[in-house]
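> Structure of the sequence below:
(chains A and B)
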There are 2 protein chains.
Amino acid sequence: MQNFVFQNSVKILFGKGQIAAIVAEIPASAKVLITCGGGSAEKNGTMDQVRAALKNHTFEIFRGIEPNPTYETLMKGVEVVRTQKIDFLLAVGGGSVIDGTKFIAAAAPFDGEPWDIVTKGLALTSAVSIGTVLTLPATGSEMNGGAVISRKSTQDKLAFRSPLVLPLFSVLDPTVTYSLPPRQISNGICDAFVHVMEQYLVSPSESALQDRFAESILQTLIEDGPKTLANPTDYEARASLMWCATMALNQLIGQGVGQDWSSHRIGHELTVLYGLDHGQTLAVVLPCVMQARREAKHAKLVQYAHRVWGLTEVNEEVLIDQAIDRTRAFFVSLGFPSKLEGYGVTCDIDKVVAQLDRHGLSALGERGEVTPSVVRQILAAA
Amino acid sequence: MQNFVFQNSVKILFGKGQIAAIVAEIPASAKVLITCGGGSAEKNGTMDQVRAALKNHTFEIFRGIEPNPTYETLMKGVEVVRTQKIDFLLAVGGGSVIDGTKFIAAAAPFDGEPWDIVTKGLALTSAVSIGTVLTLPATGSEMNGGAVISRKSTQDKLAFRSPLVLPLFSVLDPTVTYSLPPRQISNGICDAFVHVMEQYLVSPSESALQDRFAESILQTLIEDGPKTLANPTDYEARASLMWCATMALNQLIGQGVGQDWSSHRIGHELTVLYGLDHGQTLAVVLPCVMQARREAKHAKLVQYAHRVWGLTEVNEEVLIDQAIDRTRAFFVSLGFPSKLEGYGVTCDIDKVVAQLDRHGLSALGERGEVTPSVVRQILAAA
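Model (predicted):
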């Protein structure tokens, strides 16, 4: 096990009716800005619950944070925080709203061009306090200090990270997700699954317990993912997905082990260039990464095949083929075409490689072995 | 899944050499009291590392916190904190030292008789800040807000809990545990195993993910426990045990599910009455609790047999017999006799039942079904 420092102070309020509890989590004197997306939280009654909980607080609402939240939109939120002297941000939405809110929180008190926070990885010295009401189980943003922000004008989709943008609390009420369309649930299952894989499919036995925790999340997603798609109001299955998605990226399973974020990095460029959903890019790219990297990750792929899929084939190459097939088939069962052409996309490989190069991401993977030529191989297969 | 609120802000500094990092975790201006036990941390060099890390801090040392730390000893520590105006407690030791330090932290600023904190479960309004350097993987106290304190004069061994005694940080360096005697490692493995079982062996499927996390810890203890006993300086195996013991009782796996602390409650009384190690009592009592409660816990025992032990017997009663046998055999393999007579103890069942009654613990288990008559049955088997 590699040395690590782990701390995650986010207070999780889990379960039906927990939105009401936020009244005790936000200082009574705070001037709150509620941030949200396109209106689904308004339509399904979540915003009514939030307003009821904050009836004795002073708040305003900033609407319109889009999927893959953009610098352009978020800077309008920064302006509101600055002019209205907001001192608490309450994100009501999915990963995009929460990520966008983290950028607003970091940018508002930032002295300089806020885009530098993303491109130059500048350390923050302050940020506005954040709480979240999660409406879409997927990204884990509700329990981590990371965010992915896009900039339209430059075709960038980049991550930043700071403990200062860790939410103080997050409400996870499975019932507020009942009205989500199946495509968003599928995206969420896929996103959580691939988050785990990026932290799991590295060298074997770096941490026996983290390996088993990762396998636990994968197995639970495989069991409960289809259940919650088939029956959106099955509370237990939806609660299970919600908790899996949070645990998939709250730092826990990544402690003490190497990490390989190749699928995400390549996926981000595909989203920027072709407008695909984040989950769609991952469903296509991950199995191709597994195939391209099967030699380097042989031992872990064998463990994955045995423990996650219960496969028993003795020939290990055939076993790995089966494990990759099962992974792809799982994504297909969630409604994802397995190739880019299934989305009507003809991929310009040179362009993707050039984007990665421009973003300083020419050597991906836990040991930098996913070079441009490996990326080409992955994209050719995709 | 039941509703839950989860927050655990302890900063974990994991790995070889991490003791040096505490210098940045304790305010430079703090007046520190280092608390420790009988001298093993002094002998194996851990205290030298601590002193080196704090060479620019002001500190004193309070020695002699015993296994099953007593009110009588701890009140001397309280006196030191009060008279020396200590504002930071650094516990260097195992669960007993850390638990004892939590009591000192709570009692020092407490206005009234501090024993009431334990017996009356009074809510704390303040506590001295705590950090820990863990030297014995077992209790999980390094990452939770609970403590178990004994009082010699009244033959009590009771728990208290407060978020205010949650350590700010805990150092987990596997190498400082290399010199521990095998009996203490066995106790630690057993304690962690039973901590998981008390949170796992309840109703099935209350939380699919928590179930799998619990099974992950059990499986890892079964795999790496014997390894670390056989080869104490195998870093990976010792690191694995250390992380398992912490994760076994840091609240995570118990969220959203019922809990049954029967084995611990009964074990505490056996320790008080007969001076057995905590781990020894658990190794004897848990299999007897499983047997006595096999009807109520049938479904979960079947799941445990399949997933943790990989058993495939079709007849479920035979399967459960096998699972209980495997559990008992695991403890025997760690060096624990399976019956109280193996420790030279003849148990006075009436006395144990009377102690539980006196402590208000006459209805144990997740639904209060472990009544005095069930306790008698358990103890007769033990």
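
> Helices along the stretch 101-250 of chain A, start to end?
For the stretch 101-250 of chain A, helices defined by DSSP state H, counting those that start in this stretch occupy the ranges A:115-119, A:182-200, A:208-230, A:235-248.

> Give me the buried stretch members for the shortest one, please.
It stands for helix A:115-119. Buried residues in helix A:115-119, counted by 16 or more other Cβ atoms under 10 Å in any protein chain shown: A:Trp115, A:Ile117, A:Val118, A:Thr119. All C-beta spots, glycine's among them, are computed from the backbone N, C-alpha and C.

> Report the contact partners of the last one.
Taking Cβ atoms under 8 Å, 6 or more residues apart in numbering or on different chains, we find A:Thr119 in contact with A:Asp156, A:Leu158.

> cool, the third one as well?
Shown in contact with A:Val118 (Cβ under 8 Å, 6+ apart): A:Tyr71, A:Phe103, A:Ile149, A:Arg151, A:Asp156, A:Leu158, A:Ala159, A:Phe160.

> which bits of the stretch 201-350 of chain A sit near chain B?
Counting by Cβ under 8 Å from any Cβ of the partner chain, the residues of the stretch 201-350 of chain A lying close to chain B are A:205, A:207-209, A:212-213, A:215-217, A:219-220, A:223-224, A:235-236, A:239-240, A:243-244, A:247, A:255-256.

> quick one: contacts of stretch A:45-60?
With contacts defined as Cβ under 8 Å, 6+ apart, stretch A:45-60 is touched by A:19-23, A:26, A:28, A:30-34, A:36, A:41, A:80, A:84, A:86, A:90, A:92, A:133, A:135, A:176.

> Neighbouring strands - and their directions - for the strand of greatest length in chain A?
Looking only at chain A and at elements set by DSSP state E, the strand with the highest residue count is strand A:4-14. Within its sheet, and counting by DSSP bridges, strand A:4-14 is paired with strand A:169-172 (parallel), strand B:4-14 (antiparallel).

> CSV please, covering those and showing distance to B:Ile324, mean neighbour count and mean pLDDT.
As requested, the strands paired with strand A:4-14 are exported to CSV (distance: least, Cβ to Cβ, whole Å; neighbours: other Cβ atoms under 10 Å in any protein chain shown; pLDDT from 0 to 100):
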stretch, distance to B:Ile324, mean neighbour count, mean pLDDT
strand A:169-172, 36, 26, 98
strand B:4-14, 30, 19, 97
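
> and of these, who's closest to A:Asp260?
Counting by Cβ to Cβ, A:Asp260 lies closest to strand B:4-14 out of those; the figure is 21.0 Å.

> quick one, the closest one and helix B:235-248 angle?
Regarding strand B:4-14 and helix B:235-248, their directions subtend 150 degrees when assessed with axes from the mean of the first three to the mean of the last three Cα atoms, to 10 degrees.

> On the C-terminal side of strand B:4-14, identify the next helix or strand.
Past strand B:4-14, heading to the C-terminal end, the next element that is a helix or strand (DSSP states H and E) is strand B:31-35.

> tally of neighbours for A:Gly275?
Other residues lying near A:Gly275 total 12 when counted by other Cβ atoms under 10 Å in any protein chain shown.

> Equivalent analysis for A:His268, please.
Residues contacting A:His268 under the criterion other Cβ under 10 Å number 25.

> That'll do, ta.
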